[in-house]
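Novice: Sequence below, structure please.
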Amino acid sequence: MRVTHLNKRYWPHIGGIERSLHNLARACARQGDRVSALVCADGPRPERRVVEDVEVIAAPTFGVVQSQPISPSYIRLPDLAETVWHLHEPFPLGTLALLLRAARRPDLPTVVTWHSDVVRQRALKPIHAALARRLLRRVSRIHVATEANIGSSAILPEFRDKIRAIPYIVDIAAMRRCPDHPLARALRDWAEGSTIALAVGRLVYYKGIDVLLDALALTRDVRLVIVGDGPLADALRARAANLGINKRLRWLGSIADDDLVGAFSSADLFVLASVARSEAFGLVQVEAMAAGVPVVSTRLGTSVDVVNVDGVSGLLVRPRDPSELAAAIEKIASDRDLRQRLSNGALERAQDFSESRLVRRYRELYEETADLRS
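Specialist: Numbering: from 1, shown residues only. Next up, the predicted model:
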């Protein structure tokens, strides 16, 4: 089988979509499928590389507007015989490219993974919605991570008959807890016996790190480690200083996957404090669960609420509520038995996202898509 993915970027570019795409692509490649990813380069030169048996072809890019790469040559998709095209939305450039190709070949076998609607980019949102609706009328199948994605979307409900729900694949084994990891030991030494809460993600508005900092200021004897970087880094550091919590806070910036294992291995709990539906799944909370770390996450009406099972793998709280978030953190920090029970539940829940349980379902989706167009 041949599968060609369309997305803005590819791993190791940091992002939940890029990580989930890579996990899926290499899982299918391991099954003997020929898998490619057509993406946008970081600069004006085209690139071609192979990442764990996945061919990555990057089109020249001349800047970014409204979070979207400017890559005119991307819309000229290559002629690939007998491939299933798999678009990862929201990606208007890819949407347009597939629409142009479908106009010449109406039987084009296409799957669209709907990660989320366009949420914040006001100028882009109506343009993308119009293009996406045209494409979704044509495609064979629409994929979502959970049924929650349908109700949280302004577009998907009208295409319900085409939708198939399959969770994202997560590399569970790679995040297995390693207490003797050097970073884990260093962070525990720094914490001096205090509870360690961990947050991982880009420092952007929808991750709610500002709310998490406010919550930390309301807790006692809790240390917070933040992994990630982004445009709000300076503002968040200033906020932490104003709150007087710098001594209980470590900023690690962007780190390699091996060190990410060390960060997870140091943590007593993981916090996903996201505040907007741009956080459609929260892949990183599954990685935390794979390390046996209980999760505190926010109720957003997206798959985030489904992935973390309240009272089983962690706790769910209202978004933008520092007091409730602080109370949930304190609850796990202060109750050893609860923490152990949630840790066990997190380990078990993580298995639901393993490659061994899910790759067959994705390959069946591709086969079904190809058969519908043959």
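Novice: rest of the way, CA atoms for contacts and neighbours
Specialist: Will do.
Novice: buried ones in stretch 65-83?
Specialist: Judged by neighbour count using 16 or more other Cα atoms under 10 Å, the buried positions of stretch 65-83 are Pro69, Ile70, Ser71, Tyr74, Ile75, Thr83.
Novice: Closest one of the residues you listed to Asp321?
Specialist: Distance to Asp321, by Cα to Cα, is smallest for Pro69 among the buried residues of stretch 65-83, at 34.2 Å.
Novice: returning to what we had before: looking at the buried residues of stretch 65-83, which two lie furthest apart in space?
Specialist: Among the buried residues of stretch 65-83, Ile70 and Thr83 lie farthest apart (Cα to Cα), at 25.4 Å.
Novice: And the buried residues of stretch 65-83, which is closest to Arg105?
Specialist: Arg105 lies nearest to Thr83 out of these, by Cα to Cα, at 12.8 Å.
Novice: would you say Arg164 is within a strand?
Specialist: Yes. Read with DSSP: H, G, I helix; E, B strand; the rest coil, Arg164 is one of the residues of a strand.
Novice: That one and Ser278, how far apart?
Specialist: As judged by Cα to Cα, to the nearest Å, Arg164 and Ser278 stand 20 Å apart.
Novice: okay, the closest residue to Gly311 other than its chain neighbours: pLDDT?
Specialist: Counting by Cα to Cα, 6 or more residues apart in numbering, the nearest residue to Gly311 once its immediate chain neighbours are dropped is Leu342, at 7.1 Å. With respect to pLDDT, Leu342 scores 98.
Novice: Check Val119 too.
Specialist: On the pLDDT scale, Val119 is placed at 67.
Novice: and what of Asp371?
Specialist: Note for Asp371: predicted pLDDT of 82.
Novice: So which residues make contact with the helix or strand hosting it?
Specialist: Using DSSP states H and E, the element containing Asp371 is helix 355-373. With contacts defined as Cα atoms under 8 Å, 6 or more residues apart in numbering, helix 355-373 is touched by 3, 24, 27-28, 84, 107-111, 140-141, 166-167, 169-171, 351.
Novice: Likewise for stretch 52-62?
Specialist: By Cα under 8 Å, 6+ apart, stretch 52-62 touches 10, 25-26, 29-30, 34-50, 69-74.
Novice: And stretch 329-340, by the same measure?
Specialist: Stretch 329-340 is contacted from outside by Thr195, Ala197, Thr219, Arg220, Val222, Asp268, Leu269, Pro294, Val296, using Cα under 8 Å, 6+ apart.
Novice: Just the terminal-to-terminal distance for stretch 28-43.
Specialist: Rule used - Cα to Cα; the end-to-end distance of stretch 28-43 is 29 Å.
Novice: Please read the previous query as pertaining to stretch 313-332.
Specialist: Length of stretch 313-332, first residue to last, Cα to Cα: 11 Å.
Novice: same question, stretch 269-282
Specialist: 15 Å.
Novice: Please state the offset of it from the chain centre?
Specialist: Centre-to-centre, stretch 269-282 and its host chain are 9 Å apart (Cα atoms, centre = their mean, to the nearest Å).
Novice: again with stretch 284-304
Specialist: Mean-position distance between stretch 284-304 and its chain equals 11 Å (Cα atoms, centre = their mean).
Novice: Span of that stretch from start to end?
Specialist: Using Cα to Cα, first and last residues of stretch 284-304 are 10 Å apart.
Novice: What are the buried residues along the host helix or strand of Leu183?
Specialist: Here Leu183 sits within helix 182-191, counting by DSSP H and E. Buried residues in helix 182-191, counting neighbours by 16+ other Cα under 10 Å, are found at Leu183, Ala184, Arg185, Leu187, Arg188, Trp190, Ala191.
Novice: And for the helix or strand hosting Asn23, what's in contact with it?
Specialist: Under the criterion of DSSP H and E, Asn23 resides in helix 16-30. Applying Cα under 8 Å, 6+ apart, the contact partners of helix 16-30 are 9-12, 34-36, 52-54, 88, 115, 168-171, 282-284, 355, 359, 363.
Novice: Can you name the next helix or strand after that helix?
Specialist: As assigned by DSSP H and E, the chain's next helix or strand after helix 16-30 is strand 34-40.
Novice: Neighbouring strands of that next one in the sheet, and parallel or not?
Specialist: Sheet pairing of strand 34-40 (DSSP bridges) gives strand 2-6 (parallel), strand 54-59 (parallel).
Novice: next one: the longest one to chain centre, how far?
Specialist: A distance of 20 Å separates the centroid of the chain from that of strand 54-59, by Cα atoms, centre = their mean.
Novice: What is the subsequent helix or strand relative to the strand or helix carrying Val306?
Specialist: Element membership for Val306 (DSSP H and E) is helix 304-307. Following helix 304-307 in sequence order, the next helix or strand is strand 314-317 (DSSP H and E).
Novice: Heading C-terminal from that next one, find the next helix or strand.
Specialist: Following strand 314-317 in sequence, per DSSP H and E, is helix 322-334.
Novice: pretty sure Gly345 is touching Asn308, no?
Specialist: No. Applying Cα atoms under 8 Å, one finds Gly345 not in contact with Asn308, separated by 9.9 Å.
Novice: what's around Ile166, how many residues?
Specialist: 18 (other Cα atoms under 10 Å).
Novice: gap between the residue nearest to it when sequence neighbours are not counted and Asp161?
Specialist: Spatial nearest neighbour of Ile166, excluding adjacent residues (Cα to Cα, 6+ apart): Ala145 at 5.0 Å. Computed as Cα to Cα, the Ala145 to Asp161 distance reads 16 Å.
Novice: need the contact list for Ile163.
Specialist: Residues counted as contacts of Ile163 (Cα under 8 Å, 6+ apart) are Arg141, Ile142, His143, Val144.
Novice: Show me what it is bridged to.
Specialist: Beta-bridge pairing for Ile163 (DSSP bridges): Ile142.
Novice: got a pLDDT number for it?
Specialist: As predicted, Ile163 sits at a pLDDT of 96.
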